[in-house]
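K.L.:
structure for the following, please:
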Amino acid sequence: MSQQGFDIGHWSGGLAEWTDGDTAYLSVAFTWRLNDAYQRACWYKAAGYKVRAGGPGIFTRKHFLADVAEIGGSIPDAVVHHNPMATFASRGCPVGCWFCIVPKLEGKTFTLIPDFPVRPVLCDNNLSALPADFQDHVIGRYRAAGVPLMDANSGFEPRTFDDEVFARWSTINVGPWRFAYDDQAERPFVERVMHMLRDVPSRKKRVYVLVGNEPMAACIERVREVIAWGGEPHVQPYMKLNALERKPHVRFDWSEQSLRDLARWSNRYLYKYTDFEGYQRSAKTSRSGERSADLFDQVPA
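P.N.:
Next comes the predicted model:
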């Protein structure tokens with residue numbers, strides 16, 4: 001499908017705000033934006049607005065804004081305030097990863113949104129695990145609207161990604177194929193998917209690699225495997241779901257600095273020029289001038 005006239009928009013950085021009449025709304029994607037949200041809530045309240053606050057960042061610290069805002073409730077399509085090009089066709093995920101807020105916030109069964117607004121960035125948590133007929137429905141709406149899928153933002157689940165899923169989504173996906181490689185137990189599934197995608201350019205095989213949840217050697221091995229299989233790893237250091245600072249949570253034989261170093265080495269594509277052991281912390285960008293990904297680049301749920 002043609003990408004002409006479409007783009008992937010820009011994310012709000014984890015805190016979106018807007019007004020409607022006499023009410024101000026705050027949508028907090030990450031807990032480390034709660035202090036900022038509190039200040040904005042105070043500002044709106046002083047200006048005479050009623051304030052409502054919600055989002056994943058509120059979920060684990062429900063009382064953080066309770067004295068300055070009404071907490072909770074549902075605002076359909078709130079994601080559009082985080083990125084005007086983003087949408088959801090479903091909520092929830094059946095996998096139930098211990099480090100993920102989605103099953104706790106949205107449940108382990110899917111809530112389908114058949115009449116979702118069609119936009120180029122699709123943020124569903126687990127596209128390949130959706131019922132096959134609903135996957136076809138989503139794809140059909142994109143085709144009917146003439147909108148390309150430029151970013152399946154949270155991606156596909158390696159365990160449920162098969163030839164049928166690949167063929168189905170290939171009809172509209174013009175962006176990268178995104179997967180997660182969260183621990184060593186996922187190795188055979190990720191390797192199988194990477195073999196399926198062997199003819200896809202490496203820049204279109206983006207693998208989210210969670211690090212810090214296992215010892216250093218195991219995490220570095222997963223990053224290197226993604227590279228060896230012809231993909232591009234995007235390293236995401238493990239953070240607690242209720243973290244008030246944008247810092248990784250240190251476990252095992254990691255340090256905060258080593259987590260940051262691995263993320264920068266990977267996300268700035270420095271692995272194309274040097275092994276991790278030869279990484280120099282002073283290197284700010286890749287030598288090729290390619291895009292530089294944020295250390296904790298995450299997607300609002």
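K.L.:
buried residues in stretch 235-243?
P.N.:
Residues of stretch 235-243 classed as buried: 235-239, 241, 243 (neighbour count, 16 or more other Cβ atoms under 10 Å). Every residue, glycine included, has its C-beta placed from N, CA and C.
K.L.:
wait, stretch 202-215
P.N.:
Buried, per 16+ other Cβ under 10 Å, within stretch 202-215: 205-214.
K.L.:
centre of the chain versus that stretch, how much separation?
P.N.:
Here stretch 202-215 is found 12 Å from its chain centre; the criterion is Cα atoms, centre = their mean, to the nearest Å.
K.L.:
just stretch 59-71 next, same as before
P.N.:
24 Å.
K.L.:
residue ranges with poor pLDDT in the protein?
P.N.:
Low-confidence segments of the chain (pLDDT under 70): 1-2, 282-301.
K.L.:
residues in contact with the residue lying farthest from the centre of the chain?
P.N.:
For the chain, the largest distance from the centre (Cα atoms, centre = their mean) belongs to Gly48, which lies 34.8 Å off. The contact partners of Gly48, by Cβ atoms under 8 Å, 6 or more residues apart in numbering, come to Asp22.
K.L.:
before we move on, what SS does it have?
P.N.:
On the three-state scheme (DSSP: H, G, I helix; E, B strand; the rest coil), Gly48 is labelled coil.
K.L.:
ok, Gly230 next?
P.N.:
The local conformation at Gly230, judged by three-state DSSP, is coil.
K.L.:
correct me, but it touches Met196?
P.N.:
No. Using Cβ atoms under 8 Å, Gly230 is not in contact with Met196, being 11.4 Å away.
K.L.:
quick one, strands of this structure?
P.N.:
15-20, 23-28, 50-54, 70-71, 86-87, 90-91, 111-112, 121-122, 151-152, 177-181, 205-211, 232-237 (DSSP state E).
K.L.:
could I get these as JSON lines with distance to Ala167?
P.N.:
Formatted as JSON lines, the strands of the chain follow (distance: least, Cβ to Cβ, whole Å):
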{"stretch": "strand 15-20", "distance to Ala167": "36"}
{"stretch": "strand 23-28", "distance to Ala167": "36"}
{"stretch": "strand 50-54", "distance to Ala167": "38"}
{"stretch": "strand 70-71", "distance to Ala167": "44"}
{"stretch": "strand 86-87", "distance to Ala167": "23"}
{"stretch": "strand 90-91", "distance to Ala167": "20"}
{"stretch": "strand 111-112", "distance to Ala167": "22"}
{"stretch": "strand 121-122", "distance to Ala167": "18"}
{"stretch": "strand 151-152", "distance to Ala167": "15"}
{"stretch": "strand 177-181", "distance to Ala167": "13"}
{"stretch": "strand 205-211", "distance to Ala167": "17"}
{"stretch": "strand 232-237", "distance to Ala167": "23"}
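K.L.:
how distant is stretch 171-182 from the center of its chain?
P.N.:
On Cα atoms, centre = their mean, the centre of stretch 171-182 falls 12 Å from that of its chain.
K.L.:
in that stretch, which residues are buried?
P.N.:
Neighbour count says stretch 171-182 has 172-173, 175-182 buried, by 16+ other Cβ under 10 Å.
K.L.:
what is the end-to-end distance of that stretch?
P.N.:
With Cα to Cα, to the nearest Å as the measure, stretch 171-182 spans 28 Å from end to end.
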